[in-house]
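A.B. asks: for reference, the sequence and a predicted model appear below.
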Amino acid sequence: MAQVVATRFRDREVPDEGIDWTRVASLLQLSRSLDEMEEARLVPEKKVLYQFSARGHDMAQIILGLQLTNRHDATCGYYRSRPLLLSLGVDPADALGSAMGRAGGYSDGRDIGVVFNYPSRNGASALPMCGGVGAQYTPTAGWAEALHYYAGPMGKPEYGDAIAVVLGGDGSVASNGFWSALTIATTQKLPMLFYVEDNGYGISVPSDMQTPGGNIAANLASWRNLAIFEGDGCSPADVARLTRQAVHYVRGDRMPALLRLSVPRLEGHSFQDTQAYKSEALVKAEWARDPLPRLRDYLVPSIMSAEAWDRARAEADSIAEQARIEAESRNVPSPETVVRHVFFEGDLQAMGGQYSTGYRPPESTDEPSPEGQRINMVTSIRRTLDHELSINERVVLFGEDIGQKGGVHAVTLGLQEKFGKDRVFDTSLSEEGIVGRAVGMALAGLVPVPEIQFRKYAEPATEQINDCGTIRWRTNNRFAAPVVLRMPGGFFKCGDPWHSQTNEVAFIHQPGWKVAVPSNAEDAVGLLRTALRGNDPVIFFEHRAMLDHPWARRPYPGDHYTLPFGKARFTRKGEAITIVTWGAMVPRCEEAAEGISADLIDLRTLMPWDRESVLSSVRRTRRCLVVHEDLGTAGFGAEIAAVIANEAFIDLDAPVSRLTMPDIPSPHSPVLLEWAVPSADRIRQKIKDLLEY
């Protein structure tokens with residue numbers, strides 16, 4: 001395999017015969033017709049609310065899109081990427097209808113019309129775009145990593161020359177996502193093309209505020225394992241040559257490359273942007289670089305006649321007008337449908353996850369078949385991962401230190417030795433990259449199981465976590481990214497503000513994520529196996545205090561044991577009070593409830609949570625205490641209390657009560673920690689207070 005390090009390919013000529021110039025001309029004029037229609041009619045008529053002109057960027061994008069010829073190629077763009085989508089085969093009526101918020105299209109009116117997605121089984125796909133600048137990079141790296149895995153360990157030759165392409169502007173090269181994806185692609189030597197459309201401005205901020213000197217290609221000239229291509233994005237010959245070279249290099253050498261093209265942004269950042277920050281001379285100079293007349297000069301008369309060019313323009317206007325008529329004839333989405341597709345409901349998504357590629361899970365049971373001695377949660381989780389890795393080649397584990405070290409909590413110890421570095425591997429220290437690449441791998445049909453070392457460390461990945469959870473909903477079930485995100489957290493002997501946070505409520509508030517919080521080894525097996533065989537993204541919370549807690553030890557329940565999400569366990573039954581809890585608070589509540597006639601409910605999953613079991617218990621006992629480790633204000637206990645107050649208020653003989661940590665970070669001193677975390681003695685006293693109310 002050739003090693004190319006930051007080489008510029010300006011002098012290497014590639015013939016242009018591989019470009020369908022007639023198609024380029026037709027698509028470029030169609031893109032212009034759509035932009036002009038929106039700007040002149042649809043935005044002023046308030047039929048389109050968000051409009052981002054692609055003028056200036058369009059020709060180069062179209063030439064790029066026509067090079068994506070492998071059906072496993074995928075690209076992820078941003079809000080100025082409609083010309084690329086047109087070149088992949090997107091229906092102009094879908095493009096306009098989505099911009100107008102009509103039924104169907106990219107999202108059924110759920111997302112901004114310029115945030116595209118395009119699942120395709122017979123050609124290149126456009127991965128679900130994101131509204132956040134730079135959020136497209138790491139999922140695309142994940143797709144590239146999946147291509148590497150399919151072609152290598154899984155032995156699928158049809159993936160052997162497929163590539164992943166990510167588009168971004170000069171502003172996005174300052175984002176965490178860009179640098180994380182660049183690290184992933186170059187350290188792993190992935191077939192990924194970074195396509196940077198440099199128009200000189202991030203809205204009003206010039207590009208030299210995004211990267212020193214304003215040229216990311218120059219600044220990456222010495223970056224290892226990265227081929228650099230750059231040139232004029234308005235010159236048809238340059239664009240064709242550089243794009244073909246870059247794509248050919250990534251496709252053939254299976255190595256990453258960066259292509260930077262200088263293009264003008266001929267309109268404002270969005271329709272509302274007047275570009276008052278640009279001088280009149282600069283605006284005039286930018287229009288002088290317009291690629292549309294340059295393309296005409298390049299093609300007429302050598303490739304097509306002036307009459308053929310004019311016919312292409314008239315045909316583009318006609319297609320755009322027909323698209324408008326069709327788009328406007330579509331209904332406004334029915335409001336009652338907007339709550340659908342937050343989670344998998346039985347209708348399979350078009351792309352993403354193992355189910356969309358034909359996976360069907362083995363037979364399972366929710367009846368345990370206990371085997372051997374009691375084991376701790378660490379061993380139960382490891383054994384479940386081991387079994388699922390052994391029966392499902394799509395499962396891959398990764399994160400910081402999870403390989404040879406076996407994780408800082410030893411959960412993955414020995415799995416890399418058994419299954420190899422392609423399936424159990426370490427990552428760079430970037431939670432954005434860990435979760436983002438998992439999203440791309442899930443979109444490609446793998447079952448990624450990333451680990452975040454500690455709950456607090458998930459904060460840098462917040463954007464990717466949010467975006468992952470909303471993929472199914474915002475694409476109206478066209479895509480889904482079922483990721484199983486393992487995450488240890490909570491106190492352990494001592495605490496601190498960085499390693500002992502729980503804050504599980506933050507994930508419950510992220511639409512599209514299921515959240516499991518097992519308290520013991522048996523439940524950990526059942527819930528983790530359900531997650532790994534499921535079709536939704538899951539946060540699997542592993543409480544540090546329970547990983548080796550004697551109370552949490554149980555016999556291994558068998559390789560077929562699964563547990564449904566949203567089904568709580570009654571650890572004891574009684575008549576006087578209902579105690580609702582989860583995680584590390586379960587054994588403390590067990591101790592506190594000794595000698596008291598109480599229903600003790602271990603929720604086990606918080607999204608969804610077992611409302612019916614809680615409500616039926618409260619209606620019988622007429623008293624309720626909710627205990628959790630997380631902070632009191634806006635903790636999940638507040639949600640439980642609100643539901644009880646709303647649906648079982650007349651059944652209560654006392655107010656719903658909560659016992660939580662105070663609103664402080666987790667303290668380090670064991671003495672301070674024991675004071676802050678609900679203890680068995682404090683829980684018992686709270687129970688007595690409620691019984692005496």
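C.D. replies: Looks like it arrived, so ask away.
A.B. asks: dump the residue contacts of the residue lying closest to Ala164 once chain neighbours are set aside.
C.D. replies: Nearest non-adjacent residue to Ala164, counting by Cβ to Cβ, 6 or more residues apart in numbering: Ala144, 3.8 Å away. For glycine as for every other residue, the C-beta is placed from the backbone atoms N, C-alpha and C. Applying Cβ atoms under 8 Å, 6 or more residues apart in numbering, we find Ala144 in contact with 163-164, 185, 190-192, 256, 440.
A.B. asks: for my notes, confirm Ala144 occurs in a strand.
C.D. replies: No - using DSSP: H, G, I helix; E, B strand; the rest coil, the assignment for Ala144 is helix, not a strand.
A.B. asks: give me the distance between it and Ala185.
C.D. replies: 6 Å (Cβ to Cβ, to the nearest Å).
A.B. asks: and for Asp559?
C.D. replies: Separation of Asp559 from Ala185 (Cβ to Cβ): 37 Å.
A.B. asks: of those two, who's got more company?
C.D. replies: Neighbours were counted for Asp559 and for Ala185 using other Cβ atoms under 10 Å; Ala185 has more, 30 against 18.
A.B. asks: pretty sure the more buried one sits against Trp143.
C.D. replies: No - contact criterion Cβ atoms under 8 Å: Ala185 and Trp143 do not qualify, at 10.9 Å.
A.B. asks: JSON lines please, covering the contacts of Ala144 and showing pLDDT.
C.D. replies: Formatted as JSON lines, these follow (pLDDT from 0 to 100):
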{"residue": "Ile163", "pLDDT": "98"}
{"residue": "Ala164", "pLDDT": "98"}
{"residue": "Ala185", "pLDDT": "98"}
{"residue": "Leu190", "pLDDT": "98"}
{"residue": "Pro191", "pLDDT": "98"}
{"residue": "Met192", "pLDDT": "98"}
{"residue": "Pro256", "pLDDT": "98"}
{"residue": "Gly440", "pLDDT": "98"}
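A.B. asks: which pair of the residues you listed spans the longest distance?
C.D. replies: Pro256 and Gly440 (14.1 Å; Cβ to Cβ).
A.B. asks: can you read off the pLDDT for Ala645?
C.D. replies: Listed pLDDT for Ala645 reads 97.
A.B. asks: what is the end-to-end distance of stretch 124-137?
C.D. replies: By Cα to Cα, to the nearest Å, the extent of stretch 124-137 from end to end equals 17 Å.
A.B. asks: quick one: mean pLDDT over it.
C.D. replies: The pLDDT scores in stretch 124-137 average 95.
A.B. asks: please enumerate the helices of the stretch 301-450 of the chain.
C.D. replies: 306-329, 377-391, 415-419, 431-443 (DSSP state H, counting those that start in this stretch).
A.B. asks: what does the third one rub up against?
C.D. replies: Translated: helix 415-419. Counting by Cβ under 8 Å, 6+ apart, 382, 385-386, 389-390, 397, 402-404, 406, 424-425 sit against helix 415-419.
A.B. asks: and the residue positioned nearest the centre of the chain, its phi and psi?
C.D. replies: In the chain, the C-alpha nearest the mean C-alpha coordinate belongs to Cys468, at 2.8 Å (Cα atoms, centre = their mean). When quoted as degrees, to the nearest 10, the phi and psi of Cys468 stand at phi -60, psi -50.
A.B. asks: pLDDT at it, what is it?
C.D. replies: 98.
A.B. asks: thought it was touching Val439?
C.D. replies: Yes - using Cβ under 8 Å, Cys468 makes contact with Val439 at a distance of 4.9 Å.
A.B. asks: any stretches of the chain with poor pLDDT?
C.D. replies: Residues of the chain meeting the criterion pLDDT under 70: 1-15.
A.B. asks: quick one: buried residues of stretch 343-357?
C.D. replies: By neighbour count on 16 or more other Cβ atoms under 10 Å, the buried set for stretch 343-357 is 343-344, 349-356.
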